[in-house]
Structures are given as C-alpha cells and as structure tokens.
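Visitor: structural data only, the sequence is not supplied:
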C-alpha cells in the first residue's frame, strides 16, 4: 500500500522537485545507508522540494516518519511482503538479476512508483544504492543520480572467500551478478556517486573516472567527547550487529586477541543483536555485549581505545568517523583505514601487531590523548555533511 503523508502546501518560492528513492526508510539511523540518506535529504531540502519513496520490509512508526517530515514534501512507503520476497527470490534462481535486486524489486510496486513519477514530474531523481534502481532506471524525463555508496560486488567477493560448499557457490554467483549489474546500470544514470575513492577505483565500468566521490559526514556536535564519563573498558566496538563484516570483525578480535589476552576488556554495542552473536560473546568473560543503546555516545566514551579490525566489507566505516569525533584513539585494519586516507588512525592487521598497538596506547595515555585530539580535528576539517550535500547540489545544478 502506498502511504502518502506530509503533503504540504506552500506559498513560498517554488523549488525544483527532487525524487529521492531508497531501499530502506532512512530512520532510525542504525545503518550506514539510512544515516547517509537522512543527512542528504536534510541538506538537499534547502534547495529542493523532496519527494521520498522508500521500500520497507518492517513496520514504520509515525515517530520515525515525523523525523523526515520537516525535510520532505511527501513520503511514499511501499511495504515488501515476505511471501512476495520469497517468491521473487525463488524465481530469480533461473534469472540473472542479483538476489539483492530481486529482494527489493516488486513488479506491482514498480507500477505504482511509475504513477508517482508521472504525477510528481520530478526535476531530478536521486537513487540511493543499486537495490531500488529498477524502479526508476527507465524514467528519462529528467536527469538521474545513482549513489552506489560502495561496490557491493567487491564486498560479496570478500565474503565468498570465507564460505565453504554451497554457500561459497551462492556468494560467488551473487558477486558475479552484482558486478555485471553495477556495470550495466551505470548507463541508465547521468551522475554517479561513491563514498570513497577506493570504491570508485573498483567500479567495473570504463567510465569510472566520471564517478564523483562524496564521503559521509559526521555531526561533531552529536559525537563529541564526554568529559563526565569515565572509561571502564580498555576497548570499544560499535556497529550494526547483524552486518556480516561487523560480526566477522568481532569474531576475529575475540579469537585472535582476546582469547589470549584475558586482561583486556572489550565493550560492544549496536543495533540488531542476534542470539548467535550474543551467545558467542557470553563465552568470553572479558567481553561485555550491550546490544542497542539509545545514547551510543555514552558507549564510545566508556572505552579507552576504539577498535575496528575489519577483514571483509567495503566503503567508509561510519563507526570509525564517530569514534574519531568522540576523540578516541583508533586502531583499525588496513581495510577500514583505506577509505579514510591521511587520517590519524593506527593501522594493524596481524593479531600480534594489533595487541601491541593496544598495549602501547593503554600504557602511554598522553600519546593516546594526543592521537584522539588529532582525530577530532581531522573529522572537523574533512567530514562535514554540509560539504557533502553542497557537493551533490553543485554537481546537479551545474548540469
């Protein structure tokens, strides 16, 4: 069902219409795509009349909708039925669409999106990620921007290497389908965005040099040092706890470092904690699992050192930017650091190297404090949502 909410009448100067398409409703901000969509909509609403179309596989509360209403002219929600999803995934076994696309692409919802396009007559279409691209790719009455965010096929390839048997075949098939689709869908859009240069360089298209790199920003007022909170854990990790790269990073840290170093205490928090991961962490006396916390800044502040030993995945890690903004010294893998060039991050890849970096920061608090201050300054200078939004606005406006 289409939900049409928050249709506002205005006698102010008419703004050009921007149709913003997402595969998930951009609230709450517990996932990277939601975070990026929310702040881009907020910023672009200064220049555009924003019409938001969001797909969803979960109920969306009025409170969540209210968070977007100040920045949107209209909100259209399309609920994806579970049986419809299963049916599409089954049919897709004999088709060539990536399963991530089959999950989100509903033929009947697609017809309704087409009707909205005909009614709204947007001046520009902004499609976040390739997942909802099938809904708008054939609309050619205005220019369109595709925000890939990151290269999904590369992330799938990395995950494939950790799989065995039939699961390895499934991930390999999906990686190949994603690679072909990422290249094919490129030609349907006039403008193309990526979060990091490493993802832009990995784009499987001969015109990848045309991709504009627009990093995520960080709200430094929200994520700032909390002087009244005393750290009670040596290490802290924050992230979406259903996201495979985060789960893998937690396993790596626990198995490779904490199992041998029982003197180190790790605090973990994040959304979507599953029973399997929770049970695993309970097997470590030196690991505290909190799950979702409304005030995530308090969690960051309870750690002396932020760690992100990412082994798989792509794109810029928002949690690293948040930790830097919280003035925490950060130890990360080269994979996590590569999307944040020239940053004051300590990079460690091998378990012994990681443990040594932890010991150094814990034993030299002045050095850790100085590193944290450099991180805060780095984020303030280079990662602003206003800068990112203006970059997109200028790109669209110039053409």
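Guide: Cool, got the structure. As the structure is a computational prediction, the values presented were derived from the model and not from experiment.
Visitor: could I get the full set of helices for the stretch 151-300 of the chain?
Guide: 152-160, 165-185, 197-201, 244-253, 275-281, 296-301 (DSSP state H, counting those that start in this stretch).
Visitor: quick one, which of those helices gets closest to residue 264.
Guide: helix 244-253 (9.6 Å; Cβ to Cβ). Using the backbone N, CA and C atoms, a C-beta is placed for each residue, glycine as well.
Visitor: for the helices of the stretch 151-300 of the chain, give me TSV that also has distance to residue 367 and mean pLDDT.
Guide: Shown next, in TSV, are the helices of the stretch 151-300 of the chain (distance: least, Cβ to Cβ, whole Å; pLDDT from 0 to 100):
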stretch	distance to residue 367	mean pLDDT
helix 152-160	33	91
helix 165-185	41	94
helix 197-201	28	91
helix 244-253	22	96
helix 275-281	29	97
helix 296-301	19	97
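Visitor: got JSON lines for these, with mean neighbour count too?
Guide: Formatted as JSON lines, these follow (neighbours: other Cβ atoms under 10 Å):
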{"stretch": "helix 152-160", "mean neighbour count": "21"}
{"stretch": "helix 165-185", "mean neighbour count": "16"}
{"stretch": "helix 197-201", "mean neighbour count": "18"}
{"stretch": "helix 244-253", "mean neighbour count": "20"}
{"stretch": "helix 275-281", "mean neighbour count": "13"}
{"stretch": "helix 296-301", "mean neighbour count": "20"}
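Visitor: where does the stretch 1-150 of the chain have low pLDDT?
Guide: Of all residues in the stretch 1-150 of the chain, those with pLDDT under 70 make up the ranges 1-13.
Visitor: tell me where it has helices.
Guide: 32-44, 62-68, 82-91, 99-104, 107-120.
Visitor: can you give me how far the fourth one is from the chain middle?
Guide: From the chain centre to the centre of helix 99-104 is a distance of 18 Å (Cα atoms, centre = their mean, to the nearest Å).
Visitor: so which residues make contact with it?
Guide: If you take Cβ atoms under 8 Å, 6 or more residues apart in numbering as the criterion, helix 99-104 is touched by 23, 55, 80, 85, 88-89, 91-92, 95, 130-134, 152, 174, 177-178, 181.
Visitor: are any of the residues you listed buried, and which?
Guide: Buried members of the contacts of helix 99-104, scored by 16 or more other Cβ atoms under 10 Å, are 23, 55, 80, 88, 92, 130-134, 152, 174, 177-178, 181.
Visitor: and what about residue 377, helix, strand or coil?
Guide: helix (DSSP: H, G, I helix; E, B strand; the rest coil).
Visitor: count the neighbours of residue 74 for me.
Guide: When neighbours are defined as other Cβ atoms under 10 Å, residue 74 has 21 of them.
Visitor: please name the nearest non-neighbouring residue to residue 321.
Guide: Leaving aside its chain neighbours, residue 321 sits nearest to residue 218 (4.5 Å; criterion: Cβ to Cβ, 6 or more residues apart in numbering).
Visitor: how near is the one you found to residue 326?
Guide: 10 Å (Cβ to Cβ, to the nearest Å).
Visitor: and stretch 374-386, how far from the chain's centre?
Guide: Per Cα atoms, centre = their mean, the centroid offset for stretch 374-386 relative to its chain is 18 Å.
Visitor: so what touches that stretch?
Guide: 39-40, 42-43, 215-220, 224-225, 321, 323-330, 343-345.
Visitor: list the buried ones in it?
Guide: For stretch 374-386, using 16+ other Cβ under 10 Å, the buried residues are 374, 375, 376, 378, 379, 382, 383, 384, 385.
Visitor: who touches residue 397 in this structure?
Guide: residue 47.
Visitor: wait, a helix at it?
Guide: Yes: when three-state DSSP is applied, residue 397 is found to be in a helix.
Visitor: on that earlier part again, and the helices of the stretch 151-300 of the chain as CSV, adding distance to residue 118?
Guide: Rendered in CSV, the data for the helices of the stretch 151-300 of the chain read as follows (distance: least, Cβ to Cβ, whole Å):
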stretch, distance to residue 118
helix 152-160, 30
helix 165-185, 22
helix 197-201, 33
helix 244-253, 39
helix 275-281, 45
helix 296-301, 41
